[in-house]
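>>> Based on what follows, work out the 3D shape:
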Amino acid sequence: MPALWIAHVTVTDDEAYGKYAKLAGPAIHAHGGEFIARGGRYVQLEGNDRKRNVVARFPSVEAAEACYKSDAYQSALDHARGASERDLVIVETTE
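Just a heads-up that it's a prediction; the model follows:
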């Protein structure tokens, strides 16, 4: 079953986070991920507001998790640590 990688982010250092974004995209694509939302308009209805929201579709939960654990993504993530506050979840779809 396909899965969605859903991230809610507050960026605290634009320059460092930009380096993360530049490296994260190729790592996500390399694992079959495809962005379906990346920082667009949103409406916060409940919970904590984070100004950046990203959704990527992967072929499976396993593919999304493998991406997260990959050396390429972890190298990208090094730039986001300390440059953002993030919540990230992988959710299997019903498709």
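>>> Need the CA coordinates for stretch 84-95. CSV is fine.
What follows is stretch 84-95, C-alpha atoms only, in CSV (Å, rounded to 0.1, in the frame of the first residue of the first chain):
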residue,chain,number,x,y,z
SER,A,84,13.9,23.7,12.6
GLU,A,85,11.3,22.2,14.9
ARG,A,86,9.7,19.3,13.1
ASP,A,87,7.0,16.7,13.5
LEU,A,88,7.2,13.8,10.9
VAL,A,89,4.9,10.8,10.5
ILE,A,90,4.5,8.1,7.9
VAL,A,91,0.9,7.0,7.3
GLU,A,92,-0.2,4.1,5.1
THR,A,93,-3.0,5.2,2.7
THR,A,94,-6.2,3.3,2.0
GLU,A,95,-5.6,3.2,-1.8
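>>> buried stuff in that stretch?
Buried positions in stretch 84-95, judged by neighbour count with 16 or more other CB atoms under 10 Å: 84, 86, 90. Where you see a C-beta, it was placed from the backbone N, CA and C, and this is true even at glycine.
>>> Could you look up the SS state of Tyr17?
Following DSSP: H, G, I helix; E, B strand; the rest coil, Tyr17 is assigned to helix.
>>> Pull the distance from stretch 49-60 to the chain's centre.
Taking the mean of its C-alpha atoms, stretch 49-60 sits 5 Å from the chain's own mean (CA atoms, centre = their mean, to the nearest Å).
>>> Please disregard the earlier target; I meant stretch 54-69.
Taking mean C-alpha positions (CA atoms, centre = their mean), stretch 54-69 and its chain are 9 Å apart.
>>> which residues of this protein fall in strands?
Under the criterion DSSP state E, strands of the chain are mapped to 3-11, 34-38, 52-58, 84-92.
>>> which residues touch stretch 57-75?
If you take CB atoms under 8 Å, 6 or more residues apart in numbering as the criterion, stretch 57-75 is touched by 1-5, 23-24, 26-28, 30-34, 36, 56, 88, 90, 92-93.
>>> rounded to a whole number, what's the mean pLDDT of that stretch?
On average, the pLDDT along stretch 57-75 is 98.
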